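Visitor: What shape does this take:
(2 chains)
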Amino acid sequence: MLKYLGVNFRSVLKVAAYACLLFVLYILQSMIFPYFKILGTKPLIIPVAVMCLALFEGPVKAGIFGVFAGIFCDFSFNQPAIQFTVFMTVMGLAAGYLFQTVLATGFPSFCACTAVALVICALVQSFGLVFYSGADILAVLKGIILQTGYSIIFTFPIYLIVKWINRMDKD
Amino acid sequence: MKNIFKKRGIAIAVVAVIIALVSVITLTVNPGNSDFLSSVQNTAMRPVKNMMTSLIQSLEKIYGYMYKYDQIVEENEQLKDKVAQLEEEYRDYTAISNENEELKQLLGLTDKHSDFKLAQASIISWTASNWSSTFTISKGTNAGIELNDCVITENGYIIGQVTKIGKTTATITTLIDTSSSIGALVYASGEAAVAEGDYKLFQDGLLKLAYLPDGAQIATGDTIITSGKGGYIPQGLVIGYIEDIYSSGSGLADYASIKPAADIDSLTTVYIITDFDANN
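Guide: Below you'll find the model as predicted:
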């Protein structure tokens, strides 16, 4: 039936795998990791998955994944689906485009780009604190460094999982 | 052959009789003691007897292992079930004991504040953000909870306020969150101030006591309570205790850091004040 509709079964399986991955990362980020803090900091792992998709799948698919990833991220932060929904979509599109044009696609380069993306995520989160609440800049920088450092640990396992899923529809 | 047997046979019989007589005599002379031959036999055979006893015991063990194995396995399974049952009972007992302790504290609170109407709720999730301190509870408008309702522990320590409400869930912003701001009083001196979140102190789990009046007399360890201004939060709830005082160049207290009385990281059950008498 799927062949009749022109749908590749392996592609469907791949989409389902990405959906499961996103769901598992959401569970980990919102329900498990809040109880495993390092220096009072929790990791941010959903943006890492968006960067992985940008590397392996390109800008369009990373952008679509970014929409859903951003919604889940906003849910995990107890906020409406606006800030990260938009940001992750843009991040997926931009990173996907850059990986296809100017950036190297090796793992070290990917790691560096993910670190930059995580810093930008933290800046987006702390924007209101700095410009509206007048929070201490040094304290905010400390928070950004701790969050990025803890989150970057999960780059390698998520990279491997997305790499494996990416090969599902390839012979 | 017959002759030899005849001759030797008599000699053998005589020797046997002599041996028996010797044993009888020995027993008669030393009653209670073993006769000579028995003693010799025991001494000579003791090593052999010990070896045989040890061998038989080993064989008995093997027999027991082989033929009683099923019995032992079954007994082991029964004991495991029993242990699991006892462990579960112990867990139930611990949970009931903790709940009992909480209810005792709550009873003290309701005695002290008889005008409070409380709704109990469990925390179902904490925010994943490092920039805010909020959590979601298992009750919402269906339980009579409204926006800005005050949230406390069973001891009456304030935790925060309801900032988002749904039918079956609500989001609570704790008092260390940077968006939090509560009217406060220094219990000892009665001076008014504002207990608000500050990001630098937030990272240490503290909040700020700001807008102190000029010449405010505060000291480390002073209790800070709610002032009741605004109408959403009752007066007299304990916010926390002064941890540190930060002075300006003139030596007067500029602001202070407060350690919350409630252990926010360990919360599992909270109480929402759905109604109270503001004049009380």
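Visitor: okay, which residue is most central for chain A?
Guide: In chain A, the centroid-proximal residue (C-alpha atoms, centre = their mean) is residue A:47; its distance is 1.7 Å.
Visitor: Sticking with it, tell me its helix or strand.
Guide: helix A:46-57 (DSSP states H and E).
Visitor: coming back round to it: next one: the residue nearest to the centre of chain A from residue A:104, what distance?
Guide: Using C-beta to C-beta, to the nearest Å, residue A:47 is found at 20 Å from residue A:104. C-beta coordinates here come from the backbone N, C-alpha and C atoms, glycine included.
Visitor: And residue A:125, by the same measure?
Guide: 28 Å.
Visitor: Next to chain B, which bits of chain A? Give me the list.
Guide: Contact residues (C-beta under 8 Å from any C-beta of the partner chain) of chain A with chain B: A:29-31, A:33-35, A:40-42, A:44, A:76-78, A:122, A:125-126, A:129, A:133, A:135-136, A:139-140, A:142-143, A:146-147.
Visitor: And the helices in chain B?
Guide: According to DSSP state H, chain B carries its helices in the segments B:2-29, B:36-67, B:69-112, B:199-202.
Visitor: and the spatially closest residue to residue A:48 that is not a sequence neighbour, what element?
Guide: Nearest non-adjacent residue to residue A:48, counting by C-beta to C-beta, 6 or more residues apart in numbering or on different chains: residue A:158, 5.0 Å away. Secondary structure from DSSP H and E places residue A:158 in helix A:155-166.
Visitor: one step back: out of the helices of chain B, which one sits most buried?
Guide: The highest mean neighbour count among the helices of chain B, using mean count of other C-beta atoms under 10 Å in any protein chain shown, belongs to helix B:199-202: a mean of 22.
Visitor: Distance from the chain centre to that one, please.
Guide: 32 Å (C-alpha atoms, centre = their mean, to the nearest Å).
Visitor: So which elements touch it?
Guide: For helix B:199-202, the elements it packs on are helix A:137-152, judged by 3 or more C-beta pairs under 8 Å, 6 or more residues apart in numbering or on different chains; DSSP states H and E.
Visitor: before we move on, the earlier item: with neighbour numbers in mind, choose between residue A:125 and residue A:104.
Guide: Per other C-beta atoms under 10 Å in any protein chain shown, whichever of residue A:125 and residue A:104 has more neighbours is residue A:125, with 24 against 11.
Visitor: for the helix or strand the more buried one falls within, which positions count as buried?
Guide: Using DSSP H and E, residue A:125 maps to helix A:107-131. Across helix A:107-131, burial judged by 16 or more other C-beta atoms under 10 Å in any protein chain shown covers A:110, A:111, A:113, A:114, A:115, A:117, A:118, A:121, A:122, A:125, A:126, A:129.
Visitor: Please apply the same query to stretch B:143-153.
Guide: B:143, B:145, B:149, B:150, B:151, B:152, B:153.
Visitor: List the contacts of the first one.
Guide: By C-beta atoms under 8 Å, 6 or more residues apart in numbering or on different chains, the contact list for residue B:143 reads B:119, B:121, B:272, B:274.
Visitor: The fifth one too?
Guide: Contacts for residue B:151 were tallied using C-beta under 8 Å, 6+ apart; they are B:137, B:158, B:159, B:160, B:161, B:162, B:172, B:270, B:271, B:272, B:273.
Visitor: separation between the most centrally placed residue in chain B and residue B:85?
Guide: Central residue of chain B (C-alpha atoms, centre = their mean): residue B:94, 7.5 Å from the mean position. Distance of residue B:94 to residue B:85, given as C-beta to C-beta: 15 Å.
Visitor: Now do the helix holding residue A:125 and helix A:137-152, the angle between them.
Guide: For helix A:107-131 against helix A:137-152, the angle by axes from the mean of the first three to the mean of the last three C-alpha atoms, to 10 degrees is 150 degrees.
Visitor: tell me how far helix A:107-131 is from the chain's mean position?
Guide: Distance of helix A:107-131 from its chain centroid, counting by C-alpha atoms, centre = their mean, is 11 Å.
Visitor: repeat for stretch A:146-160
Guide: Counting by C-alpha atoms, centre = their mean, stretch A:146-160 is centred 10 Å from the centre of its parent chain.
Visitor: Next: stretch B:260-274.
Guide: 20 Å.
Visitor: Only alpha carbons, please: show that stretch as PDB.
Guide: Provided in PDB are the C-alpha atoms of stretch B:260-274 (Å, rounded to 0.1, in the frame of the first residue of the first chain):
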ATOM      1  CA  PRO B 260      14.600  30.200  52.100                       C
ATOM      2  CA  ALA B 261      13.100  28.300  55.100                       C
ATOM      3  CA  ALA B 262      11.600  25.700  52.700                       C
ATOM      4  CA  ASP B 263      14.000  23.200  51.200                       C
ATOM      5  CA  ILE B 264      12.900  23.900  47.700                       C
ATOM      6  CA  ASP B 265      15.000  21.100  46.000                       C
ATOM      7  CA  SER B 266      13.500  18.400  48.200                       C
ATOM      8  CA  LEU B 267       9.900  19.300  47.800                       C
ATOM      9  CA  THR B 268       7.400  16.500  46.800                       C
ATOM     10  CA  THR B 269       4.100  17.700  48.300                       C
ATOM     11  CA  VAL B 270       2.900  21.300  48.600                       C
ATOM     12  CA  TYR B 271      -0.100  23.100  50.000                       C
ATOM     13  CA  ILE B 272      -2.000  25.900  48.200                       C
ATOM     14  CA  ILE B 273      -3.800  28.500  50.200                       C
ATOM     15  CA  THR B 274      -7.000  28.800  48.200                       C
END
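Visitor: Any stretches of the chain with poor pLDDT?
Guide: All of this is about chain A. A:1-7, A:171 (pLDDT under 70).
Visitor: try chain B instead
Guide: Applying pLDDT under 70 to chain B picks out residues B:1-10, B:12-13, B:23, B:26-46, B:48-49, B:107, B:248-253, B:279-280.
Visitor: Show me which residues of it sit near chain A.
Guide: Residues of chain B lying near chain A (C-beta under 8 Å from any C-beta): B:125-132, B:134-136, B:164, B:171, B:178-179, B:198-200, B:203-205.
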